[in-house]
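Enquirer: curious how this folds, go ahead:
(chains A and B)
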Amino acid sequence: SQTIHQWPATLVQPVGSPLSLECTVEGTSNPNLYWYRQAAGRGLQLLFYSVGIGQISSEVPQNLSASRPQDRQFILSSKKLLLSDSGFYLCAWSLGTGDYEQYFGPGTRLTVT
Amino acid sequence: AQSVTQLDSHVSVSEGTPVLLRCNYSSSYSPSLFWYVQHPNKGLQLLLKYTSAATLVKGINGFEAEFKKSETSFHLTKPSAHMSDAAEYFCVVSGNQFYFGTGTSLTVIP
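Expert: As a prediction, the model looks like this:
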């Protein structure tokens, strides 16, 4: 069966510090991968998606970047965090678009102080 | 273009009574629709999905949803609420990406 992992589960970082969040998927090959951010009391905002190694599409211009160094690994990064980067970050995978459901990881709670 | 509107930001029901969470969608073609549930500080879990087969879709934990093209609706229902159903619920329409509603917070009163 497929499993998706995210770490860390929680993170408190000062403004201006770097960020690295990691997501890995097990039990499937060549998945589509997604990073979402969920601000307090709001819906999900798609940040990045990837259909293959090294292929990253950005949905929202911002302080963040993403990389996919391996087929089942997706990394979200920032060189300098802003207060507005605080939120709940969710990674997800799917086998395609359209009819395909997305499966979500447990999330990372990021607080920028 | 695709979009969804969740008509209620908060719904409160008593335990054992029916649940109705409303969702209207907009899609330029035959849509794929999903309902997800999110418990506090957790990831999203798929409840059910509609992909142009039967219009009444049964999901996990006793939830079901009915696709009504004439009303562009995909409302989520459950006959009898349980305390464990208290969570945030998201309606989603899929195109080249997922388009999420803003969520409905369900409170279940004992």
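Enquirer: ok, A:Arg42 - contacts?
Expert: A:Arg42 makes contact with B:102-103, according to Cβ atoms under 8 Å, 6 or more residues apart in numbering or on different chains. Any C-beta I mention is one placed from the backbone N, CA and C, and that applies to glycine too.
Enquirer: tell me the pLDDT of it.
Expert: With respect to pLDDT, A:Arg42 scores 71.
Enquirer: what does the one 3 residues further on give?
Expert: With respect to pLDDT, A:Gln45 has a value of 91.
Enquirer: contacting residues around it?
Expert: A:36-39, A:59-60.
Enquirer: among those, who's most crowded?
Expert: Of all the contacts of A:Gln45, A:Tyr36 has the most neighbours under the rule other Cβ atoms under 10 Å in any protein chain shown, reaching 26 neighbours.
Enquirer: ok, the nearest residue to B:Ser94 once chain neighbours are set aside to B:Glu88 distance?
Expert: Nearest residue to B:Ser94 in three dimensions, chain neighbours excluded: B:Ser32, at 4.2 Å (Cβ to Cβ, 6 or more residues apart in numbering or on different chains). With distances taken as Cβ to Cβ, to the nearest Å, B:Ser32 is found 21 Å from B:Glu88.
Enquirer: kindly report the same for A:Gln38.
Expert: 10 Å.
Enquirer: near chain B, from the contacts of A:Gln45?
Expert: A:Glu59 (Cβ under 8 Å from any Cβ of the partner chain).
Enquirer: I'd like the next helix or strand past the helix or strand harbouring A:Leu21.
Expert: A:Leu21 is part of strand A:19-26 when elements are defined by DSSP states H and E. Once strand A:19-26 ends, the next helix or strand along the chain (criterion: DSSP H and E) is strand A:32-38.
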